[in-house]
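*Asks:* test case, fold it:
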Amino acid sequence: MKKICLFFLFTITAVSFLSAQQTYQQEQKMNAFVKDLMSKMTVDEKIGQLNLVTPGGAVTGAVVSTDVDNKIRNGQVGGLFGINGPDQIRKAQDIAVKNSRLKIPIMFGLDVIHGHRTIFPIPLGLSCSWDMPLIEQGARIAATEAAADGLNWVYSPMVDIARDPRWGRIAEGSGEDTYLGSKIAAAMVRGYQGKDMAAKDAVMACVKHYALYGAAEAGRDYNTVDMSRIRMYQYYLPPYKAAIDAGVGSVMSSFNEVDGIPATGNKFLLTDVLRDQWGFKGLVVSDYTSVSEMINHGIGDLQQVSAQSLKAGLDMDMVSEGFLTTLKKSLQEGKVTQTEIDDACRRVLEAKYKMGLFDDPYNHCDEARAKTSILTDANRLAVRNAAEHSFVLLKNSNNVLPLKKSGTIALVGPLADNQRNMLGTWNIRGEYNEDITVLQGIKNVAGNDVNVLYAKGANISDDSMIVKNINDFAKEIDVDTRTPQQMIDEAVATANKADIVVACLGEAADFTGEAASMSDISLQQSQENLLAALVATGKPVVVVLFNGRPMTLNKEDKDAAAILDVWFPGTEAGNAIADVLFGNYNPSGKLTTTFPQNVGQIPLYYNHKNTGRPLNPGDGHKFKSDYLDVTNEPLYPFGYGLSYTNFNYSDPVLSKTTISGMEGLTVTVKVTNTGNYDGEEIVQLYLHDKVASITPPVKELKGFQKIFLKKGESKQVVFNINHSDLMFYNPDLKLIAEPGEFEVMTGPNSRDVKKVSFWLK
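*Replies:* Now for the predicted structure:
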């Protein structure tokens with residue numbers, strides 16, 4: 001046995017050595033190629049590689065690049081975004097490799113946030129699956145489609161931790177938790193890039209927005225961020241670090257300031273942390289005009305902010321063209337160095353080398369592949385499955401769900417037969433006319449014994465300002481010619497003819513996303529009026545909720561018989577929703593964000609810290625940390641989600657009650673399906689350091705497992721707790737673990753847990 005073990009150890013060591021040797025040889029080959037190419041480049045051509053432009057098509061700002069073709073010919077463009085399709089990309093690449101002096105290919109990017117042509121659930125929704133293989137598969141399919149459409153660079157994943165649901169871009173991330181967010185960041189990077197960024201079905205990922213963008217004050221987009229370094233390192237930076245560790249090829253700077261310096265020109269972020277502490281060697285690109293926007297922050301004129309960004313560690317300027325128009329002058333005036341320009345140029349060229357563009361500039365320009373790889377039946381099936389796993393059942397009184405495949409259903413609401421709003425925010429290449437509506441999905445799934453009656457019931461909003469602001473981008477709110485009361489009357493008449501009402505309510509797609517912050521996160525008044533009228537009929541009302549953020553749902557939770565949160569499910573929305581409503585799939589999603597009772601509680605998140613006067617059960621109100629008008633509790637806690645079946649948890653059992661040094665231990669909990677349906681459950685593990693030199697949070701997620709149990713079945717779920725799980729950042733920003741007592745909590749969500757303790761000596 002000893003000889004066998006030594007043989008395997010030798011084999012593993014030899015393979016690792018060969019792999020490291022091959023990597024070293026590949027890097028040496030790349031370095032030699034790039035060095036030779038740069039020796040032939042003028043200063044202007046080097047600066048040109050730092051210029052990322054768009055001719056339009058996917059703009060997120062007021063500026064659009066001009067004279068793009070001539071700039072490519074003159075070697076003044078390193079990358080292009082906003083166009084897609086093998087034919088269009090081939091034409092642009094032709095200009096670079098046939099008409100520029102050095103024939104350096106350009107790279108092509110796009111915001112591929114939750115699918116390319118086949119649109120998956122919004123990232124916040126998909127995160128509620130807690131399913132890393134499923135999330136990785138989604139990114140892999142998106143990469144395959146984007147690559148087939150000519151692209152080689154995607155501006156995703158968005159990994160910003162967000163604790164304020166007013167912020168519209170919460171829809172693009174994975175919620176409020178560092179541990180889960182880090183797992184998802186790594187999974188998405190693996191999915192996009194595969195094992196080789198030069199492969200025909202791979203793209204370079206770009207993790208964003210670095211850094212802390214999700215902590216914008218008042219939940220208002222682009223706003224100031226200010227926090228302690230400990231909070232930064234402990235809660236907000238880890239998901240970016242996880243993407244770096246997973247090998248992400250590029251990083252995008254964020255719009256916000258950090259420590260009084262905009263992130264795009266922040267040396268602490270872009271060099272001290274990203275490159276020196278984390279060892280990142282890839283490409284750093286600005287967000288859309290975030291270089292020139294530093295002028296509005298009060299940092300200086302275009303020349304000053306461009307020089308500051310380059311010196312801070314930025315390699316590529318998106319759309320501002322501050323690098324293109326001012327860096328040579330700054331070089332002549334000694335405000336930047338040739339080495340700084342060379343370093344940025346080298347990283348752009350290295351990215352192109354890793355993409356395989358120097359070997360084949362047209363490696364993603366195969367029109368035949370585009371026709372067979374995009375929006376396939378297999379991809380649509382994967383989206384349908386992903387959507388089903390992302391839905392969160394928030395309420396289910398008297399087991400009103402799943403619906404019977406018989407009788408009469410009144411399908412009501414502005415989102416019941418609405419193709420335009422199924423995809424959610426950031427669906428640049430999605431085609432809404434290919435989406436499956438809820439009405440169509442129910443007809444596809446329910447069978448011939450179900451009679452479906454439909455009524456719109458209300459507009460998404462009757463607020464003229466909301467309608468104008470949303471419809472400026474695309475017509476997502478269709479204002480009916482009838483009066484609100486006429487629509488409600490029709491809906492009530494329809495409900496009175498049915499056995500049950502399914503009300504499809506919620507937000508329009510661009511209620512969330514960039515520049516889509518909201519001060520009021522409740523249902524629009526038009527829909528609240530509709531729901532009240534439907535409830536008044538006495539018929540059970542099932543709310544199918546479309547949303548890109550946690551919402552305040554006190555009235556809905558009180559009045560509706562059931563609430564199924566479907567987020568924005570994507571291309572196969574209606575089929576997936578119908579599958580869950582009728583029990584073809586038992587919902588298993590769990591919230592990755594806390595739902596507040598009202599906006600006054602925001603920010604509200606599960607891993608908060610105690611005050612010196614915490615409100616404990618049974619305490620009186622006076623001189624405690626609470627509100628006069630509402631409890632401290634959320635409406636729905638982090639990790640919460642119901643099922644059509646029931647799961648019983650045993651008390652957790654530890655393998656040890658005392659550990660020392662680098663020792664670990666195991667936690668075992670028995671979970672039993674005590675209900676009437678087979679189902680999946682996401683078993684969660686939390687830790688609490690009871691006494692520490694830095695005030696600890698009340699709990700932190702440190703593990704989860706998704707299990708499938710047939711009705712009546714039980715499973716022992718085992719978690720490993722390692723030394724690293726006990727560590728935190730001290731005032732010197734060093735990761736440490738301190739001796740003391742730790743509470744272990746297991747359960748179906750962050751609130752309903754069972755506890756046991758152990759000691760670290």
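
*Asks:* what segments of the stretch 201-350 of the chain are strands?
*Replies:* Assigned by DSSP state E, counting those that start in this stretch, the stretch 201-350 of the chain shows strands spanning 204-210, 250-253, 257-258, 261-262, 283-285, 317-318.

*Asks:* quick one: average confidence on the longest one?
*Replies:* For strand 204-210, mean pLDDT rounds to 98.

*Asks:* packing partners of it?
*Replies:* Counting by 3 or more Cβ pairs under 8 Å, 6 or more residues apart in numbering; DSSP states H and E, the packing neighbours recorded for strand 204-210 are strand 153-154, helix 178-193, helix 238-245, strand 250-253. C-beta: built from backbone N, CA, C; applies to glycine.

*Asks:* how about a cut-off of 10 Å?
*Replies:* Using 3 or more Cβ pairs under 10 Å, 6 or more residues apart in numbering; DSSP states H and E as the contact criterion, the neighbours of strand 204-210 among helices and strands are strand 107-110, helix 132-148, strand 153-154, helix 178-193, helix 238-245, strand 250-253, strand 283-285, helix 338-354.

*Asks:* so which of the strands of the stretch 201-350 of the chain is nearest Met227?
*Replies:* For Met227, the closest of the strands of the stretch 201-350 of the chain is strand 257-258, at 8.3 Å, according to Cβ to Cβ.

*Asks:* just checking: what are the partner strands of that closest one?
*Replies:* With DSSP bridges as the test, strand 257-258 is paired with strand 261-262 (antiparallel).

*Asks:* helix or strand right after the strand it pairs with?
*Replies:* Following the chain from strand 261-262 toward its C-terminal end, the next helix or strand by DSSP states H and E is helix 267.

*Asks:* per-residue confidence for the nearest residue to Thr337 once chain neighbours are set aside?
*Replies:* Nearest non-adjacent residue to Thr337, counting by Cβ to Cβ, 6 or more residues apart in numbering: Leu331, 7.4 Å away. Here, the pLDDT recorded for Leu331 equals 98.

*Asks:* need the three-state assignment for the residue lying closest to Phe708 once chain neighbours are set aside.
*Replies:* In this structure, Phe708 finds its nearest non-sequential neighbour in Glu680, 5.0 Å apart by Cβ to Cβ, 6+ apart. Secondary structure of Glu680, reduced to three states by DSSP: H, G, I helix; E, B strand; the rest coil: strand.

*Asks:* show the average pLDDT along stretch 593-602.
*Replies:* 98.

*Asks:* end-to-end on it?
*Replies:* The separation between the terminal residues of stretch 593-602, taken as Cα to Cα, to the nearest Å, is 12 Å.

*Asks:* run the chain-centre distance for it.
*Replies:* With Cα atoms, centre = their mean, to the nearest Å as the basis, the distance from the averaged C-alpha position of stretch 593-602 to the chain average is 20 Å.

*Asks:* now swap in stretch 444-457 and tell me
*Replies:* Relative to the centre of its chain, stretch 444-457 is centred 33 Å away, using Cα atoms, centre = their mean.

*Asks:* check which residues of that stretch are buried.
*Replies:* The neighbour-count check on stretch 444-457 (16 or more other Cβ atoms under 10 Å) flags Val445, Ala446, Val450, Val452, Leu453, Tyr454, Ala455, Lys456, Gly457 as buried.

*Asks:* and of those residues, the nearest to Lys475?
*Replies:* For Lys475, the closest of these turns out to be Lys456, at 15.5 Å, with distances computed as Cβ to Cβ.

*Asks:* so that closest one sits against Asp478, correct?
*Replies:* Yes: under the criterion of Cβ atoms under 10 Å, Lys456 lies in contact with Asp478, with a separation of 9.0 Å.

*Asks:* SS state for Thr668?
*Replies:* strand.

*Asks:* please list all residues in contact with it.
*Replies:* Shown here is Thr668, whose contacts under the criterion Cβ atoms under 10 Å, 6 or more residues apart in numbering are Ser650, Asp651, Pro652, Val653, Leu654, Ser655, Gln716, Val717, Val718, Phe719, Thr746.

*Asks:* which of these fall within helices?
*Replies:* Among those, no member falls in helices (criterion: DSSP state H).

*Asks:* in this structure the residue nearest to Thr337 contacts Ala307, no?
*Replies:* Yes: between Leu331 and Ala307 a contact is recorded at 9.1 Å, counting by Cβ under 10 Å.

*Asks:* which of the two has more neighbours?
*Replies:* Between Leu331 and Ala307, counted using other Cβ atoms under 10 Å, the more crowded position is Ala307 (23 against 18).

*Asks:* distance from the chain centre to stretch 197-206, please.
*Replies:* 19 Å.

*Asks:* same question, stretch 472-482
*Replies:* Stretch 472-482 sits 27 Å away from the centroid of its parent chain (Cα atoms, centre = their mean).

*Asks:* and the pLDDT at the residue nearest to Phe708?
*Replies:* Here, the pLDDT recorded for Glu680 equals 98.

*Asks:* also Pro239?
*Replies:* The predicted local confidence for Pro239 comes out at a pLDDT of 98.

*Asks:* quick test: name the residue nearest the centre of this protein.
*Replies:* Against the mean C-alpha coordinate of the chain, by Cα atoms, centre = their mean, the closest residue is Gly173 at 2.4 Å.

*Asks:* noted, bye for now.
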